[in-house]
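Colleague: Sequence plus predicted model, see below.
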Amino acid sequence: MQKQRTYIILAIIFAMAVSAAVLDYPQPYNNLQFKPVAFPELPFKLGLDLQGGTHLIYEADLSQLPKEAYDSSMQGLRDVIERRVNLFGVAEPVVQVQEAGEHYRLIVELAGVKDPDQAIKMIGQTPFLEFKEAKDDTFQSTILTGKYLEKAEPGFDQTTYQPLVTLKFNSEGAEIFKDITSRNIGKPLAIYIDGIPISVPVVQEVIPNGEARITGTFSIEQVRELARNLNAGALPVPIKLISQQNVGPTLGLASLTASLKAALFGFLAVVIFIVLFYRLSGLLAAIALVIYVIFVLALFKLIPVTLTLAGIGGFILSIGMAVDANILIFSRMREELKSGQSFSIAVEEGFRRAWPSIRDGNLTTLIVAVILFWFGTSFVKGFAFTLTIGILMSMFSAIIITKNLLRLFVGTKLEKVKILW
């Protein structure tokens, strides 16, 4: 029964490994004349440092704003710029706020951008907030724009205690808003930033004093984001381009080639070491390691993960973590065999005794990776993310794949040949 279950598990693993390998490198399979299904040719997503692109640094002028509004204004600006970059068609853009002393800067990384001047022109535009009313099944612009909005703030309904957003227009805007609400009672009034709807509330009554509320099934974070975006459109923060760096594809290709060579040599060195020191067990671990690499690369495509040099470094490090788990298991197995235990008991006990060390070692590394991802910048996040995926998959590789490969030899003549183990 145990043997049959082992065969089934390994058959499923190898079937998944073949599918993942075809996903990793689909060209030979898709070139076959007869195939049951065609695999999509998903490319690996490469970061700015590998495929080239543009790195921009903007400085924001916050001199006209109170200091308590700095953070919300910068976050609102970041949201608007990120939407613009997405409209420009850039894959996996990085837009983040950086505080340097009293200076607030916006870092924009555009991987694969071939026309940086056009991107710079688009980014530099002032965010445009407008209100549109429904006419003939479409939303048409009104004269009410962000220049009439004094402020938007998150708040709570005093009766239902549900999160909401309050709006306050200036005197001219209040008159315009009164006129618009009077002719749209029971109809939606859409709020747009840069041509994208961010909220479509329904007018409940005429609002004469320029103070309105946007209600709905919002979370606290959603009302904060909506208020931030409204303020960004109403009070745009002037930005100035202070640095532009173009990373050519040649540099990116050279870095990628060097990284892949390092990964290949490191992988081969690990395989040679584990086979020499742990013999047949090491060979089985090497097979499990190959399957591990195939699975992780497939996950990088499916998620997808934007690979940078730092991210590749995290992946390579996770290979070492996968081998470390196997070494702990094999060392425990040898101790059991030396004490006179049978091979089947040595396998089960080796895994049982090694598991606490594997669990604790990987858990502490995962905690560090999560902290790096949460607080780090873009390249640090890439390293932490690939390391996290690698660690989780390495535990699967050691506990499931290697263990079932070893179980294949239980009850065979090879389990008695101690020189192999």
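Modeller: That came through, no problem.

Colleague: shaky segments in the stretch 101-250 of the chain?
Modeller: 122, 124-127, 232-236, 249-250 (pLDDT under 70).

Colleague: Go again with 90.
Modeller: By pLDDT under 90, the low-scoring segments of the stretch 101-250 of the chain are 101-103, 109-130, 135-138, 145-153, 157-161, 170, 192-199, 214-240, 244-250.

Colleague: Kindly report the same for the stretch 301-421 of the chain.
Modeller: Ranges of the stretch 301-421 of the chain meeting pLDDT under 90: 303-313, 316-324, 340, 373-382, 398-399, 410-421.

Colleague: check contacts around the residue nearest the centre of the chain.
Modeller: The centroid of the chain falls nearest to Val305 when counting by C-alpha atoms, centre = their mean (6.4 Å). The neighbours of Val305, taking C-beta atoms under 8 Å, 6 or more residues apart in numbering as the test, are Lys45, Leu299, Gly311, Gly382, Phe385, Thr386, Ile389. The way it works is simple: take the backbone N, C-alpha and C, and place the C-beta from them, glycine included.

Colleague: how much space is there between it and Lys381?
Modeller: Val305 sits 11 Å away from Lys381, going by C-beta to C-beta, to the nearest Å.

Colleague: try Leu264
Modeller: Leu264 is 25 Å from Lys381, by C-beta to C-beta.

Colleague: Next: Val165.
Modeller: 30 Å.

Colleague: Those two: which is more packed in?
Modeller: Higher neighbour count among Val165 and Lys381: Val165, with 26 against 20, using other C-beta atoms under 10 Å.

Colleague: Was I right to think the more buried one contacts Lys151?
Modeller: No: the pair Val165 / Lys151 is not scored as a contact, 10.6 Å apart, by C-beta atoms under 8 Å.

Colleague: tell me the secondary structure for Gln158?
Modeller: For Gln158, the assignment made with DSSP: H, G, I helix; E, B strand; the rest coil gives coil.

Colleague: Next up, phi/psi of it, please.
Modeller: phi -70, psi -10 (degrees, to the nearest 10).

Colleague: Next, count neighbours for it.
Modeller: 6.

Colleague: What residues does it make contact with?
Modeller: Neighbours of Gln158 in contact, by C-beta under 8 Å, 6+ apart: none.

Colleague: measure it to Phe218 for me?
Modeller: Counting by C-beta to C-beta, the separation of Gln158 from Phe218 is 16 Å.

Colleague: now do Leu363
Modeller: 36 Å.

Colleague: Could you do Gly52 as well?
Modeller: 41 Å.

Colleague: now Phe330
Modeller: According to C-beta to C-beta, Phe330 stands 55 Å off from Phe218.

Colleague: Output stretch 245-262 as PDB - backbone C-alpha positions only.
Modeller: Provided in PDB are the C-alpha atoms of stretch 245-262 (Å, rounded to 0.1, in the frame of the first residue of the first chain):
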ATOM      1  CA  GLN A 245      19.200  57.600 -16.400                       C
ATOM      2  CA  ASN A 246      18.700  55.400 -19.400                       C
ATOM      3  CA  VAL A 247      19.800  51.700 -19.000                       C
ATOM      4  CA  GLY A 248      20.600  50.200 -22.400                       C
ATOM      5  CA  PRO A 249      19.500  46.700 -23.300                       C
ATOM      6  CA  THR A 250      23.200  45.700 -23.900                       C
ATOM      7  CA  LEU A 251      24.000  46.300 -20.300                       C
ATOM      8  CA  GLY A 252      20.900  44.500 -19.200                       C
ATOM      9  CA  LEU A 253      21.800  41.500 -21.500                       C
ATOM     10  CA  ALA A 254      25.300  41.300 -20.200                       C
ATOM     11  CA  SER A 255      24.100  41.400 -16.600                       C
ATOM     12  CA  LEU A 256      21.500  38.700 -17.300                       C
ATOM     13  CA  THR A 257      24.100  36.500 -19.000                       C
ATOM     14  CA  ALA A 258      26.500  36.800 -16.200                       C
ATOM     15  CA  SER A 259      23.800  36.100 -13.600                       C
ATOM     16  CA  LEU A 260      22.600  32.900 -15.500                       C
ATOM     17  CA  LYS A 261      26.200  31.700 -15.700                       C
ATOM     18  CA  ALA A 262      26.700  32.200 -12.000                       C
END
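
Colleague: Mind listing residues that contact that stretch?
Modeller: Applying C-beta under 8 Å, 6+ apart, the external contacts of stretch 245-262 come out as 46, 48-55, 116, 309, 312-313, 316.

Colleague: Can you tell me which of these end up in strands?
Modeller: Those of the contacts of stretch 245-262 mapping onto strands are Leu46, Gly53, Thr54, His55, per DSSP state E.

Colleague: For the stretch 51-200 of the chain, just list every one of the helices.
Modeller: With helices called from DSSP state H, counting those that start in this stretch, the stretch 51-200 of the chain shows them at 70-88, 116-123, 171-182.

Colleague: And the first one, how far out from the chain middle?
Modeller: Okay, so that is helix 70-88. For helix 70-88, the separation from the chain centroid amounts to 18 Å (computed by C-alpha atoms, centre = their mean, to the nearest Å).

Colleague: Which secondary structure elements does it sit against?
Modeller: Packed against helix 70-88, as judged by 3 or more C-beta pairs under 8 Å, 6 or more residues apart in numbering; DSSP states H and E, are the following elements: strand 53-60, strand 94-100, strand 103-111, helix 116-123, helix 220-234.

Colleague: Give me the helices and strands touching the last one, please.
Modeller: The reference is to helix 220-234. helix 70-88, strand 129-135, strand 149-156, strand 163-169, strand 189-193, strand 196-199.

Colleague: Just name the most buried of these.
Modeller: strand 189-193 (a mean of 22; mean count of other C-beta atoms under 10 Å).

Colleague: just the angle between that strand and helix 171-182, please?
Modeller: 130 degrees (axes from the mean of the first three to the mean of the last three C-alpha atoms, to 10 degrees).

Colleague: ok, and what's touching strand 189-193?
Modeller: Under the criterion C-beta under 8 Å, 6+ apart, residues 80, 83, 127-134, 139, 180-181, 197-203, 229-230, 232-233 lie in contact with strand 189-193.
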